[in-house]
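Student: need a 3D model of the following:
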Amino acid sequence: MTTRLPTPDEIDELTAFLPRLYAEGFSPLERPAELVERGRGKFVVLGPSYDAVVLEFIDVASRAHWADYDYRPEAAGPMLADVQRVKRATLAEIKTLLTFCVRGERFSDGFWASMIAEGHVRRLLERLRQLRAGAGETSGAETDRV
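Tutor: Below you'll find the model as predicted:
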């Protein structure tokens with residue numbers, strides 16, 4: 001299922017999180033995941049508690065115009081890890097990488113925090129700013145121009 005590309009205003013809405021997520025002293029987690037004893041040798045894992053800014057960012061990044069329903073995590077992970085590849089990513093590829101970031105929490109508690117702390121989200125948002133400004137376009141595809 002293919003979704004439309006985000007509009008310039010929708011790109012602005014997402015990139016507005018850049019200074020908030022990367023403000024000096026900001027921590028994406030209010031509380032990390034923890035193992036809690038519930039008595040009689042029974043334990044439960046409590047997932048991480050995220051800062052409200054992270055939850056707001058994920059809400060925006062989860063909207064349909066940012067989703068790539070055909071993404072392949074086994075391909076998206078290595079692409080996200082390749083800093084140079086992200087620097088020349090198209091808008092469609094950014095959607096793929098954001099989908100990988102958003103969905104990763106389903107499989108690994110704390111994934112969102114790691115994507116922010118390791119700078120992956122920063123690089124994606126910086127690339128979106130470049131695409132929005134019309135600089136650094138590599139695809140040549142009219143649908144990738146913002």
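Student: low pLDDT regions in this protein?
Tutor: Residues of the chain meeting the criterion pLDDT under 70: 135-146.
Student: 90 - rerun?
Tutor: Regions of the chain meeting the criterion pLDDT under 90 cover residues 1-3, 31-47, 134-146.
Student: what about the helices in it?
Tutor: 8-15, 18-21, 52-61, 73-81, 83-87, 91-103, 111-117, 120-133 (DSSP state H).
Student: now for the longest one, which elements pack on it?
Tutor: What it means is helix 120-133. helix 8-15, helix 18-21, helix 83-87, helix 91-103 (3 or more Cβ pairs under 8 Å, 6 or more residues apart in numbering; DSSP states H and E). Where you see a C-beta, it was placed from the backbone N, CA and C, and this is true even at glycine.
Student: that helix vs helix 91-103, what angle?
Tutor: Relative orientation of helix 120-133 and helix 91-103, computed by axes from the mean of the first three to the mean of the last three Cα atoms, to 10 degrees: 150 degrees.
Student: what residues of helix 120-133 count as buried?
Tutor: Residues of helix 120-133 classed as buried: 120-132 (neighbour count, 16 or more other Cβ atoms under 10 Å).
Student: do the same with stretch 18-32
Tutor: Leu18, Leu21, Pro28, Leu29.
Student: Gly134 and Arg38, how far apart?
Tutor: Using Cβ to Cβ, to the nearest Å, Gly134 is found at 55 Å from Arg38.
Student: how about the nearest residue to Glu93, chain neighbours excluded?
Tutor: With Cβ to Cβ, 6 or more residues apart in numbering as the criterion, Glu93 has its nearest non-adjacent residue at 7.1 Å, and that residue is Met79.
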